[in-house]
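1. sequence first, then the predicted structure, then my questions.
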Amino acid sequence: MKKILSIMALAAITMSCSDDESNSEPEFFNLNQGSVWVYKKYRINNEGVEAFEEKIDSVTVSGTQMFDGEIYSKLVHKEYSGTNLVDEHDEFLRVNENGSLVNEIGYIIHSGERNYTFSYDRIGETELNGEMSYSLQEVKDVVVEGQNYTVYPYVGVFDHFYDDYLDGVATFYYFQKGIGKIVQHGRYMSSPIAAEEYRLISYNLKYKKEGLNVPLFCTGSARLQNSQRGSLLKLARCLYYVQSYNCLIFLFCLLQSLCEVLYRLASR
């Protein structure tokens, strides 16, 4: 019996010290504190010739903010030209009850895996100039900056009110599930082709922990004495810390608790 408990305890250590990636289904949108995405900014001219603008947009999830009773993640955009910071602004996003990514004024940025259409009147510099209608298109594989992605395109089509503006696809967002925005494209309304586009070049994502699944040897332990149950709970807490942070940092805590558990079991 003592050997079985020891083996099960060691198995629990191995599982808790496994890599951060789990078999659980990832969230479509990652808005976790500390996640970072870096994009290159391109400009496409009227002939369809594209050029890198020598600008980089670094986006970091940095805290939260409340709007109308809802909590939004704060995304800080810092745009650099070389080493010079040329622009900085904040974006506020959350995932609503339908699984769509929305901003603080209620606009759907992307509908996730389900096709929630979204329309709004587009206002130019001085007047209303048309209507934008967004819908989710078929999933497709794309290559962006030399990397392969499987993206969900959320495409905005413009319907003009005045002849100075051209109908057709005006914007689109490519998102990959579990990673985030891969491409953001925005066409100039007076041109059929000219546009600005942001393309992902790197990212560093943080993931939420779902909490500790209590190890098998901690379940069904009602027959253990109170002191032994306390030791097992202490070990479980350490296993949680290991899973939530870094295996090496809490290794000593883990080993200390394990030794205490095994000592108490051996003294029965």
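-> Sure thing, it's come through.
2. where does the prediction get shaky in this structure?
-> 1-25, 120-130, 160-169, 189-190, 209-268 (pLDDT under 70).
3. where along it do the strands fall?
-> 36-44, 50-67, 70-81, 84-95, 101-103, 108-110, 118-123, 128-136, 140-144, 147-160, 168-176, 180-187, 195-204 (DSSP state E).
4. tell me which residues in the last one are buried?
-> By that I understand strand 195-204. 195, 197-200, 203 (16 or more other C-beta atoms under 10 Å). Just so you know, the C-beta spots here come from the backbone N, C-alpha and C atoms, and that holds for glycine as well.
5. and these, which is closest to Tyr173?
-> Tyr173 has its nearest neighbour among the buried residues of strand 195-204 in Tyr198, at 9.8 Å by C-beta to C-beta.
6. if I look at the closest one, how far off is Tyr107?
-> For Tyr198, the distance to Tyr107 (C-beta to C-beta, to the nearest Å) stands at 18 Å.
7. likewise for Val36?
-> Taking C-beta to C-beta, one finds Val36 at 23 Å from Tyr107.
8. what's the answer for Lys74, then?
-> 17 Å.
9. looking at the two, which has the bigger crowd around it?
-> For the pair Lys74 and Tyr107, the greater number of neighbours falls to Lys74 (16 against 12), based on other C-beta atoms under 10 Å.
10. give me the spatial nearest neighbour of the more buried one, chain neighbours excluded.
-> Excluding the flanking residues, the one nearest Lys74 by C-beta to C-beta, 6 or more residues apart in numbering is Gly63, at 4.8 Å.
11. who are the neighbours in contact with the one you found?
-> Residues counted as contacts of Gly63 (C-beta atoms under 8 Å, 6 or more residues apart in numbering) are 33, 73-74.
12. kindly report the same for Tyr152.
-> Per C-beta under 8 Å, 6+ apart, neighbours of Tyr152: 110, 112-113, 136-137, 139, 174-177.
13. buried subset of these, written for PyMOL?
-> In PyMOL syntax, the buried subset of these is picked out as below (16+ other C-beta under 10 Å):
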select buried, resi 110+112+136+174+175+176+177
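14. out of the contacts of Tyr152, which comes closest to Arg187?
-> Closest to Arg187, out of all of the contacts of Tyr152 and judged by C-beta to C-beta, is Tyr174, at 14.8 Å.
15. my read: the closest one touches Pro153, true?
-> Yes: assessed by C-beta atoms under 8 Å, Tyr174 is found in contact with Pro153 at 5.6 Å.
16. follow-up on the earlier one: now the strands of the chain in JSON lines, with distance to Glu27?
-> Compiled in JSON lines, the strands of the chain are given as follows (distance: least, C-beta to C-beta, whole Å):
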{"stretch": "strand 36-44", "distance to Glu27": "15"}
{"stretch": "strand 50-67", "distance to Glu27": "13"}
{"stretch": "strand 70-81", "distance to Glu27": "12"}
{"stretch": "strand 84-95", "distance to Glu27": "8"}
{"stretch": "strand 101-103", "distance to Glu27": "11"}
{"stretch": "strand 108-110", "distance to Glu27": "13"}
{"stretch": "strand 118-123", "distance to Glu27": "21"}
{"stretch": "strand 128-136", "distance to Glu27": "17"}
{"stretch": "strand 140-144", "distance to Glu27": "21"}
{"stretch": "strand 147-160", "distance to Glu27": "14"}
{"stretch": "strand 168-176", "distance to Glu27": "12"}
{"stretch": "strand 180-187", "distance to Glu27": "10"}
{"stretch": "strand 195-204", "distance to Glu27": "15"}
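17. burial count for Ser111?
-> Ser111 - counted by other C-beta under 10 Å - has 24 other residues nearby.
18. for it, give me its contacts.
-> 98-101, 117-118, 134, 136, 154.
19. which among those residues end up buried?
-> Using 16+ other C-beta under 10 Å, the buried members of these are 100-101, 118, 134, 136, 154.
20. still on that earlier bit, just the contacts of Tyr152 now: which is nearest Tyr149?
-> Nearest to Tyr149 out of the contacts of Tyr152 is Gln176 (C-beta to C-beta; 4.8 Å).
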